[in-house]
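> Model the structure of this input:
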Amino acid sequence: MRKILIIEDEPLAVNKLKSFVKKYNSTYQIIADVDSIEEAVEWLQKNSEPDLLFVDIQLADGLSFEIFKQITVRCPMIFVTAYDHYAIQAFKQNSVDYILKPYEYDEIVVALDKFESNFAAAPQQEKPLIDIAMLEEAMQNLANRYKQRFMVKVGERLLSVETDTIPAFLSEDKYTMLVNAEGKKYIIQYSLEQLKTLLNPSNFYRINRKFIVNIQAIKEIAVFSSNRLKLSLHAFKHDDLIVSRDKVADFKEWLNG
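I've put the predicted structure just below:
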């Protein structure tokens, strides 16, 4: 029987993970789930180390690496997060595996197979400590990789628009447009598909074929027809701000981090 601790602050993700783990092996025991750095440190101080940790990198009160600065942990861990493949190498060197949200059951199977094959039988004293400095550097490099600003043309001038202030991007009349904080639209030389690789996925989400929205700009979410969702943004109004039916579940997970 394997004892597993889940460190994750999103209830839907916790329930999904529990279900997949039990489906993989019904003898596995989820001994606890905690949702913050503070709670994780307290739990690990008071209890014996589990056989395996599932760890979300971004928690509500900070990066989960802070846990391992406060307490020594040698048990194997699987990182689960929304960050993309640019950070995988650093995380894989410091864990059993690294799984991207939204994940499927098959990805959990691969990670747990690797755990059973390569980590579960190793004596505790032989299990290396994670390299916090490497992980933090990977996160910083990841943050720096995303586009920080866009240059847009206004008459004969160029205007710099900070990415974090942009409520939305849209595809309209064969052009891609940036919407600024006042709701004005400017043509940019990127497709929505290209923008997906340039924008931080924690902050921006493509809700349908026409729109990418900034989480900070969402004012209201209403249930729309056929179980879809309709968004209202603070600085920009449009009738097509509707989350596609096939994206609703993933969008809800994204909202919860």
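> Please make it C-alpha for all contacts and neighbour counts, starting now.
Will do.
> what residue ranges in the stretch 1-150 of the chain score low on pLDDT?
Applying pLDDT under 70 to the stretch 1-150 of the chain picks out residues 82-95, 120-132, 136, 138-144.
> All the strands of it, residue numbers only.
3-7, 29-34, 52-56, 58-59, 62-63, 77-81, 97-100, 149-154 (DSSP state E, counting those that start in this stretch).
> partner strands of the first one, parallel or antiparallel?
Same thing as strand 3-7. Next to strand 3-7 in the sheet, as set by DSSP bridges, lie strand 29-34 (parallel), strand 52-56 (parallel).
> Gln70 and Asp164: what is the separation?
32 Å (C-alpha to C-alpha, to the nearest Å).
> looking at the strands paired with strand 3-7, which is buried most?
The highest mean neighbour count among the strands paired with strand 3-7, using mean count of other C-alpha atoms under 10 Å, belongs to strand 52-56: a mean of 23.
> Restrict that one to CA atoms and write it as CSV.
Extracted C-alpha coordinates of strand 52-56, given in CSV (Å, rounded to 0.1, in the frame of the first residue of the first chain):
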residue,chain,number,x,y,z
LEU,A,52,4.7,10.0,-2.7
LEU,A,53,3.7,13.7,-3.0
PHE,A,54,1.6,15.2,-5.8
VAL,A,55,2.5,18.9,-5.7
ASP,A,56,0.9,21.8,-7.6
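> Now the residue lying farthest from the centre of the chain, what are its backbone angles?
The C-alpha centroid of the chain is most remote from Glu156, which lies 39.3 Å away (C-alpha atoms, centre = their mean). Main-chain dihedrals, Glu156, degrees, to the nearest 10: phi -100, psi 10.
> and the gap between it and Gln194?
For Glu156, the distance to Gln194 - C-alpha to C-alpha - is 26 Å.
> All the helices of this structure, residue numbers only.
11-24, 37-46, 65-70, 88-93, 105-114, 132-145, 192-198, 248-255 (DSSP state H).
> any chance of those helices in CSV, with distance to Ile57 too?
Shown next, in CSV, are these (distance: least, C-alpha to C-alpha, whole Å):
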stretch, distance to Ile57
helix 11-24, 13
helix 37-46, 10
helix 65-70, 7
helix 88-93, 10
helix 105-114, 16
helix 132-145, 10
helix 192-198, 20
helix 248-255, 14
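> closest one to Lys174 among these?
helix 192-198 (11.2 Å; C-alpha to C-alpha).
> burial of the nearest residue to Gln70 once chain neighbours are set aside, as a residue count?
Among residues not flanking Gln70 along the chain, Val41 sits closest, at 7.1 Å (C-alpha to C-alpha, 6 or more residues apart in numbering). Per other C-alpha atoms under 10 Å, the neighbour tally for Val41 reads 18.
> now swap in Pro167 and tell me
24.
> that older thread, dump the strands of the stretch 1-150 of the chain to CSV, plus distance to Trp254.
Output for these, formatted as CSV (distance: least, C-alpha to C-alpha, whole Å):
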stretch, distance to Trp254
strand 3-7, 17
strand 29-34, 19
strand 52-56, 13
strand 58-59, 12
strand 62-63, 17
strand 77-81, 10
strand 97-100, 12
strand 149-154, 23
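> For Phe211, which of those is the nearest?
Closest among the strands of the stretch 1-150 of the chain, using C-alpha to C-alpha: strand 149-154, at 17.1 Å.
> So which bits of that closest one are buried?
Val152 (16 or more other C-alpha atoms under 10 Å).
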